[in-house]
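[1] one predicted model, sequence on top.
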Amino acid sequence: MPIVVEHLTYTYGQGTPFEVRALDDINLHIGDKEFLGIIGQTGSGKSTLIQHLNGLIKATEGRVLVNGIDLTDKSANLRIVRQSVGLVFQYPEHQLFEETIYKDVAFGPKNLGLPDEKVKERVHEALELVGLDANTMVDRSPFELSGGQMRRVAIAGVLAMQPQILILDEPTAGLDPRGRDEILDQLVSLHERKSMTVVLVSHSMEEIARVATRLIVMHDGKIIVQGSPREVFTDAQRLRSIGLGVPQVAELMQALQQRGYQVPPVALTVGEARQAILGLSAKGAGGR
Ligand code: ADP
Ligand code: MG
């Protein structure tokens, strides 16, 4: 179920004195089973872009195709598209409202008109997918949970629709490191075990380096760099020029290289950096 974005331009408040061109000629292809990271400073257009991918916002110019369905076409069946493209907004826990976790997660599948037994199956499965024990959780109020757990309940509500593509807008924002790692690990597992296409919006290079297979970097409504994390982080200069860093481990490799040590130009994880540095001392390179 590929997504194709062609020459997408979007202007807020078009024709008013407050016009803002939020997206400027975006071209993008998201293939099946990709784990795409979208990164960029606040205001670069990330949220506006992803809201086009399930038809929440209509293009000012250009087209968005989901599995061949043109969302800019007035007759497009957006109901079908929204079932297959699940969108998790920023701070999704603000949208929890039912008195039990069960009812919150069941909301979507119930609206699909599924029988109770099927709804129950989906609720349990979705909660397990986000690492929550359905049996002990379903009757509790979502408002008794920690911030990270509330967010996972909200994500479960989207997963209960069984989308093929899961898009998340800064799902780790405001969480402590543990809450953040739990969500990232679950996304990796959804991608691997459920073969789900995942699109993750983030402003943290560190987290996106860990999980994404491909990255796009946005700046001022445009995609300015794209490629594998390794390719993207090689151009550290460019990233710094738009106020983004590279992950600390990548920076470490670059600092070592500048001092004449023979290490790879980019490391994506601490483990990889460690390997490179251990390799150095084995070779005795650098001469210090
Ligand atoms: P990001 O998610 O990368 O922070 P956004 O897509 O939210 O970026 O915003 C892109 C641009 O569009 C920014 O200049 C922002 O101020 C503007 N913008 C976003 N939402 C609205 C809105 N509802 N009305 C007017 N301008 C908006
Ligand atoms: Mg945003």
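    Sure thing, it's come through. Ligands and ions are numbered 1, 2, ... in the order given.

[2] what helix or strand is residue 216 on?
    Taking DSSP states H and E as the definition, one finds residue 216 inside strand 214-219.

[3] packing partners of that strand?
    With contacts taken as 3 or more Cβ pairs under 8 Å, 6 or more residues apart in numbering; DSSP states H and E, strand 214-219 sits against strand 35-40, strand 222-227, helix 229-234. Just so you know, the C-beta spots here come from the backbone N, C-alpha and C atoms, and that holds for glycine as well.

[4] and the host helix or strand of residue 62, average pLDDT?
    Using DSSP H and E, residue 62 maps to strand 61-66. Mean per-residue pLDDT for strand 61-66: 97.

[5] which parts of it are buried?
    62, 64-66 (16 or more other Cβ atoms under 10 Å).

[6] now do stretch 202-219
    Neighbour-count burial for stretch 202-219, with 16+ other Cβ under 10 Å as criterion, is recorded at 202-212, 214-219.

[7] does any bit of it sit next to ligand 2?
    No. Shown here: stretch 202-219 not in contact with ligand 2 (Cβ under 5 Å from the ion), separated by at least 8.5 Å.

[8] quick one: contacts of the helix or strand of the chain with the lowest mean pLDDT?
    None of the helices or strands of the chain scores lower by mean pLDDT, DSSP states H and E than helix 270-283, at a mean of 85. Counting contacts by Cβ atoms under 8 Å, 6 or more residues apart in numbering, the residues outside helix 270-283 that touch it are 249, 252-253, 256, 261-264, 267, 286.

[9] over to stretch 221-241?
    For stretch 221-241, the external contacting residues (Cβ under 8 Å, 6+ apart) are 21-28, 37, 44-45, 48, 205, 208-209, 212-218, 242, 245-247, 250-251, 254, 265-266, 268.

[10] mind redoing it with 7 Å?
    Residues outside stretch 221-241 that contact it (Cβ atoms under 7 Å, 6 or more residues apart in numbering): 21-26, 28, 45, 209, 212, 214-217, 245-247, 250, 254, 265-266, 268.

[11] what does stretch 88-100 give?
    Around stretch 88-100, the neighbours that count as contacts under Cβ under 7 Å, 6+ apart are 104, 107, 138-142, 150-151, 153-155, 158, 167-171, 173.

[12] next, count neighbours for the residue nearest to residue 150 when sequence neighbours are not counted.
    Leaving aside its sequence neighbours, residue 150 sits nearest to residue 93 (Cβ to Cβ, 6 or more residues apart in numbering; 3.9 Å). Residues within reach of residue 93, counting by other Cβ atoms under 10 Å, total 20.

[13] rewinding a little: for the helices and strands packed on strand 214-219, which one sits closest to ligand 1?
    Among those, strand 35-40 comes nearest to ligand 1, with 5.3 Å by Cβ to the nearest ligand atom.

[14] is the closest one positioned near ligand 1?
    Yes. With Cβ under 6 Å from any ligand atom as the measure, strand 35-40 is seen reaching ligand 1 through residue 40.

[15] next up, phi/psi of the residue of the stretch 51-200 of the chain found nearest ligand 1, please.
    Proximity of the stretch 51-200 of the chain to ligand 1 (Cβ to the nearest ligand atom) peaks at residue 169, 7.2 Å away. Main-chain torsions, residue 169, degrees, to the nearest 10: phi -100, psi 100.

[16] what about the residue of the chain found nearest ligand 2, distance to residue 151?
    As assessed by Cβ to the ion, ligand 2 sits closest to residue 47 within the chain, at 3.2 Å. Noted for residue 47: a distance of 17 Å to residue 151, by Cβ to Cβ, to the nearest Å.

[17] ditto for residue 206
    Per Cβ to Cβ, residue 206 is found 19 Å from residue 151.

[18] next one: residue 274
    31 Å.

[19] show me where the stretch 51-200 of the chain has strands.
    Using DSSP state E, counting those that start in this stretch, the strands of the stretch 51-200 of the chain run over residues 61-66, 69-70, 85-88, 165-169, 197-202.

[20] I'd like these laid out as a markdown table, including distance to residue 231.
    Output for the strands of the stretch 51-200 of the chain, formatted as a markdown table (distance: least, Cβ to Cβ, whole Å):
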| stretch | distance to residue 231 |
| --- | --- |
| strand 61-66 | 25 |
| strand 69-70 | 31 |
| strand 85-88 | 27 |
| strand 165-169 | 23 |
| strand 197-202 | 18 |
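
[21] run through the residues that contact the residue lying closest to residue 165 once chain neighbours are set aside.
    With Cβ to Cβ, 6+ apart as the criterion, residue 165 has its nearest non-adjacent residue at 4.3 Å, and that residue is residue 197. Counting by Cβ under 7 Å, 6+ apart, residue 197 touches 30, 32-34, 164-165.
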